[in-house]
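> 3D, please:
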Amino acid sequence: MTNDRTQARLLPSIVRLSLGALLIISPWVWGYAQQRMPAASAILSGTIIARLGLSGIIRPKSWIASFSALVAAWMLLGPWLLGFSGEGAAAILHWIVGILTLGLEAGEAGVLRSLVERARRASAGGGREPLSC
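The predicted model follows:
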């Protein structure tokens with residue numbers, strides 16, 4: 001049986017792994033595999049995000065969310081910095097996955113913060129908090 005903290009990190013890790021896999025296969029699915037920069041950026045960014053998701057599933061670490069947010073920022077800025085912001089599917093997919101990843105990291109930070117706060121209140125009160133149904 002897993003505890004609340006493990007469950008809170010498992011779902012974001014699975015989503016992170018899925019978003020990374022989507023980005024890895026996107027050059028072939030959306031037809032921009034012949035464009036060097038967008039395809040390379042998608043494969044590299046997707047590989048990093050998927051690897052972070054897999055790491056979070058196997059052995060959750062607190063730094064995974066921070067590093068994932070950094071890669072998400074790269075996905076948002078990459079199309080402009082690498083010069084493929086006008087490439088349609090490639091740029092749009094980078095932006096969508098970047099926004100979803102940043103939202104995921106912000107949500108994960110909020111969930112973990114609420115779990116820590118709940119644990120502090122329970123330990124300060126000396127008892128368990130009632131479960132809300």
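> all contacts plus neighbour counts: C-alpha atoms, from now on.
Fine.
> quick one: the helices in the chain?
4-29, 36-58, 63-81, 89-125 (DSSP state H).
> any idea of the angle the helix or strand of the chain with the lowest mean pLDDT forms with helix 63-81?
Least confident helix or strand, the chain: helix 89-125 with a mean of 79, by mean pLDDT, DSSP states H and E. Here helix 89-125 runs at an angle of 150 degrees relative to helix 63-81 (axes from the mean of the first three to the mean of the last three Cα atoms, to 10 degrees).
> Helix 89-125 packs against which elements?
Where contact means 3 or more Cα pairs under 8 Å, 6 or more residues apart in numbering; DSSP states H and E, helix 89-125 is packed against helix 4-29, helix 36-58, helix 63-81.
> Now the first one: buried residues?
Within helix 4-29, the residues that count as buried by 16 or more other Cα atoms under 10 Å are 8-24, 26-27.
> What of the shortest one?
By 16+ other Cα under 10 Å, the buried positions in helix 63-81 come out as 64-65, 68-69, 71-79.
> Can I get it as CSV, trimmed to CA atoms?
Output in CSV follows, covering the C-alpha atoms of helix 63-81 (Å, rounded to 0.1, in the frame of the first residue of the first chain):
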residue,chain,number,x,y,z
TRP,A,63,14.4,18.0,-7.7
ILE,A,64,12.5,16.3,-10.5
ALA,A,65,9.7,18.9,-10.6
SER,A,66,12.2,21.8,-10.6
PHE,A,67,14.2,20.3,-13.5
SER,A,68,11.0,19.4,-15.4
ALA,A,69,9.8,23.0,-15.0
LEU,A,70,13.2,24.2,-16.5
VAL,A,71,12.8,21.9,-19.5
ALA,A,72,9.2,23.1,-19.9
ALA,A,73,10.4,26.7,-20.0
TRP,A,74,12.9,25.6,-22.7
MET,A,75,9.9,24.1,-24.6
LEU,A,76,8.1,27.4,-24.4
LEU,A,77,11.1,29.5,-25.6
GLY,A,78,12.7,26.9,-27.9
PRO,A,79,10.6,27.6,-31.0
TRP,A,80,11.7,31.3,-30.9
LEU,A,81,15.3,30.7,-29.9
